[in-house]
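[1] Please work out how this folds:
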Amino acid sequence: MKPVPAPGHETRQHPTAGQAHIVTTFADLGVDQDIVEALAVKGIVDAFPIQEQTIPLGLPGQDIIGQAKTGTGKTFGFGIPVVQRLGLDPAPGVKALIVVPTRELCVQVYEDMDMLTSNRSTSVVAIYGGKAYEGQIDQLKAGAQIVVGTPGRLIDLNNQRLLDLSHATEVVLDEADKMLDLGFLPDIEKIFSKVPAVRHTQLFSATMPGPIVALARRFMSNPIHIRATDPDEGLTQANIKHLVYRAHSLDKDEVIARILQAEGRGKTVIFTRTKRAAQKLVDELNDRGFNAGAVHGDMSQEARERSMAGFKAGKKDVLIATDVAARGIDVDDVTHVINHTIPDDEKTYLHRAGRTGRAGKTGIAVTFVDWEDLHKWALINRALEFGQPEPVETYSSSPHLFSDLDIPAGTKGRIATTPKTQSVRVQPEKAADAAAAAENDGQPSTRRRRRRRSGGSAERVGSTFEAAEGGPKSTGEQAAATDGERDAEGGGTHDGGGKEHHDGRPAPRRRRRRRGGSGGGAAPAGA
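    Just a heads-up that it's a prediction; the model follows:
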């Protein structure tokens, strides 16, 4: 058995500085035409370096250790050989297994694999926790050939004999270093004991610590180590601008809100240390007028997926996340990454910053360092050789903040919006309601009113008008709901305190609140 090549070994030589780089298309690499067309539909034509090196080796079945930083396209580097090796019309049943460390990354890889197989009969299923078993089991029973999954749910379904891995001859471990960090290596060993001994195995990782090298030597057959780039080159990436500020905790939200109004600011990812801080920040930014979503452990899996999908689709342009979601944020057009709290070590810093500057685009990484966390920055600065031992003391009004990030002069931390109450048209006959609302500091009148039921009887509705929608409404929503309900009643309510009749029958006695605040008894029925 051949030893694993040294970490610095390159299987293909790429042009050095000063030499022209010849663009390589996927068709040039021997990829089947239907896969090339599926990629072209998404505007993907030229291969990245890691893809140029891994695809020609993976297609014939060579075991591969792929080492490259995040955002270099390694999913297609291992995914295209898997899809092509299975053939145009593979038999039902699991033939390929891709193991990933987190739910968010599972969804991302699933989407990429599903796109690659869009012109084939091959079916892909995502297997991960936080979602109901039934849908995943149904897809397995339907004959899915490619499984993308997290270790825990994979082992669970396998133990229940609902997932058969005995014919999975294509196996991929993605983000192997994250598997190590999360303590998944024992689970990986269990999974390897379930797959065939003779198989095609690919392992991808940003870094190659000792335990990962040992894992590769134990479970791979004569692997070739491919390193497209230095895995730690994030510190010297020319396309990412790194800014580090010593900020006061009470001023961070204001600073962030001003950064979000910088010239050219696109999609932005903000990392927090805790789930509570993430939720607090998303609430604060939405209150300030921004369109923000969150991904953290206190959210249900469905809510996390909705938030991530909204961010990718551009419906939300700010995503607040904890580190657990970091590796699933694979979006090419993220322009800014903000570390609300400093990461614990340099590896986490690189993975966070790696959410921007992807696919060769430029990006900005801003890190806030609290006074009590200066020692953490000292360690990161030394490890990544930033040469900035003392972060610049920065406030929301600091001139250098505006110049560093191209924030327009005079920008404040709140987007001006028109209150909902001003957007509601007040009809002439509702002038009394509007006047009463103004007297109550903009709150709607608390006068009681009636709602007609289908049988002609009436019910009282409280002053907050919550019953119709199941919860409190804003002032503008209350006004809109009141107008709509009254219109539906055909104008049966009178502001002047006169009689009301339904089909000639007298209305029940009730009390009215006068504008002056005094309450008078209702006129006797039939008076």
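[2] Could you give the bridge partners of residue 270?
    Note on residue 270: beta-bridge partners by DSSP bridges are residue 320, residue 338.
[3] Near it, how many residues? Count them for me, please.
    Around residue 270 there are 25 other residues, counting by other Cβ atoms under 10 Å. Every C-beta, even on glycine, is put in place using the N, C-alpha and C of the backbone.
[4] give the contact list for it.
    Counting by Cβ atoms under 8 Å, 6 or more residues apart in numbering, residue 270 makes contact with 256, 281, 318-321, 337-340.
[5] most surrounded residue in the residues you listed?
    Most neighbours among the contacts of residue 270, by other Cβ under 10 Å: residue 320, with 28 neighbours.
[6] now it: how far from residue 62?
    Remark: distance between residue 320 and residue 62 (Cβ to Cβ, to the nearest Å) = 41 Å.
[7] hang on, the earlier thing: which of the contacts of residue 270 lies at the shortest distance from residue 182?
    Residue 182 lies nearest to residue 321 out of the contacts of residue 270, by Cβ to Cβ, at 16.3 Å.
[8] Quick check: the closest one touching residue 295?
    Yes. Counting by Cβ atoms under 8 Å, residue 295 is a contact partner of residue 321 at 4.5 Å.
[9] Let me see the contact set for residue 201.
    Counting by Cβ under 8 Å, 6+ apart, residue 201 touches 63, 171-173, 219-221, 223.
[10] Helix, strand or coil: sort out it for me.
    Secondary structure assignment for residue 201 (DSSP: H, G, I helix; E, B strand; the rest coil): strand.
[11] Show me what it bridges to in the sheet.
    Beta-bridge partners for residue 201, by DSSP bridges, are residue 171.
[12] Not counting residues beside it along the chain, what's closest to the most centrally placed residue in the chain?
    In the chain, the C-alpha closest to the average C-alpha coordinate belongs to residue 308, at a distance of 2.9 Å (Cα atoms, centre = their mean). Excluding its sequence neighbours, the residue lying closest to residue 308 (Cβ to Cβ, 6 or more residues apart in numbering) is residue 295, at 5.9 Å.
[13] Next, work out how far apart that neighbour and residue 282 are.
    Per Cβ to Cβ, residue 295 is found 10 Å from residue 282.
[14] Is it correct that residue 173 is in contact with residue 192?
    No. Using Cβ under 8 Å, residue 173 is not in contact with residue 192, being 9.2 Å away.
[15] now the helices: where do they sit in the stretch 101-250 of the chain?
    103-116, 133-141, 151-159, 176-181, 185-194, 210-219 (DSSP state H, counting those that start in this stretch).
[16] And the contacts of the second one?
    Meaning helix 133-141. 94, 123, 125-127, 147, 153, 157, 162-163.
[17] and if you look at the longest one?
    Counting by Cβ under 8 Å, 6+ apart, helix 103-116 makes contact with 35, 38-39, 42, 75-76, 79-80, 82-83, 98, 100, 124-130, 146, 148-150, 174-175, 295, 301, 304-305, 308, 324-325, 327-330, all of which sit outside it.
[18] now that helix and helix 151-159, what's the angle there?
    What separates the directions of helix 103-116 and helix 151-159 is an angle of 70 degrees, with axes from the mean of the first three to the mean of the last three Cα atoms, to 10 degrees.
[19] Could you pull out the buried residues of helix 103-116?
    Within helix 103-116, the residues that count as buried by 16 or more other Cβ atoms under 10 Å are 103-116.
[20] now swap in the fifth one and tell me
    Along helix 185-194, the positions that meet the burial threshold by neighbour count (16+ other Cβ under 10 Å) are 185, 187-188, 191-192, 194.
[21] ok, now stretch 176-186?
    Result for stretch 176-186 [16+ other Cβ under 10 Å]: buried residues 176-181, 184-185.
[22] contacting residues for residue 179?
    So residue 179 contacts 99, 101, 151, 173, 185, 188 (Cβ under 8 Å, 6+ apart).
[23] now swap in residue 279 and tell me
    Shown in contact with residue 279 (Cβ under 8 Å, 6+ apart): 294, 296, 298.
[24] if we can go back for a sec, tell me the one of the contacts of residue 179 nearest residue 374?
    Out of these, the member with the shortest distance to residue 374 (by Cβ to Cβ) is residue 101, at 30.8 Å.
[25] Let me know the pLDDT of the closest residue to that closest one other than its chain neighbours.
    Setting aside the residues directly before and after it, residue 101 is nearest to residue 178 in space (Cβ to Cβ, 6+ apart), at 4.2 Å. With respect to pLDDT, residue 178 scores 86.
[26] before we move on, what about residue 228?
    72.
[27] Could you report the neighbour count for it?
    Using other Cβ under 10 Å, residue 228 has 24 other residues around it.
[28] Residue 74 versus that one, what's the distance?
    Residue 228 is 8 Å from residue 74, where distance means Cβ to Cβ.
[29] now residue 224
    Distance, residue 224 to residue 74, using Cβ to Cβ: 15 Å.
[30] now do residue 42
    Counting by Cβ to Cβ - residue 42 and residue 74 are separated by 17 Å.
[31] Name the residue in these two with the higher neighbour count.
    Comparing residue 42 with residue 74 by other Cβ under 10 Å, the one with more neighbours is residue 74, at 25 against 10.
[32] Give me the buried subset of the contacts of residue 201.
    63, 171-173, 219-220, 223.
[33] where does this structure dip in pLDDT?
    Applying pLDDT under 70 to the chain flags residues 1-22, 69-71, 229-238, 324-328, 359, 416-527.
[34] still on that earlier bit, mutual contacts of residue 321 and residue 295, please.
    Counting by Cβ under 8 Å, 6+ apart, the contacts common to residue 321 and residue 295 are 278, 329.
[35] Any chance of TSV for the buried ones among the contacts of residue 201, columns distance to residue 140?
    Shown next, in TSV, are the buried ones among the contacts of residue 201 (distance: Cβ to Cβ, whole Å):
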residue	distance to residue 140
63	26
171	17
172	18
173	21
219	24
220	26
223	29
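[36] Now flag whichever of those is closest to residue 367.
    Nearest to residue 367, judged by Cβ to Cβ, of those is residue 173 at 30.4 Å.
[37] Please give me every residue in contact with that closest one.
    Per Cβ under 8 Å, 6+ apart, neighbours of residue 173: 99, 179, 188, 201-205.
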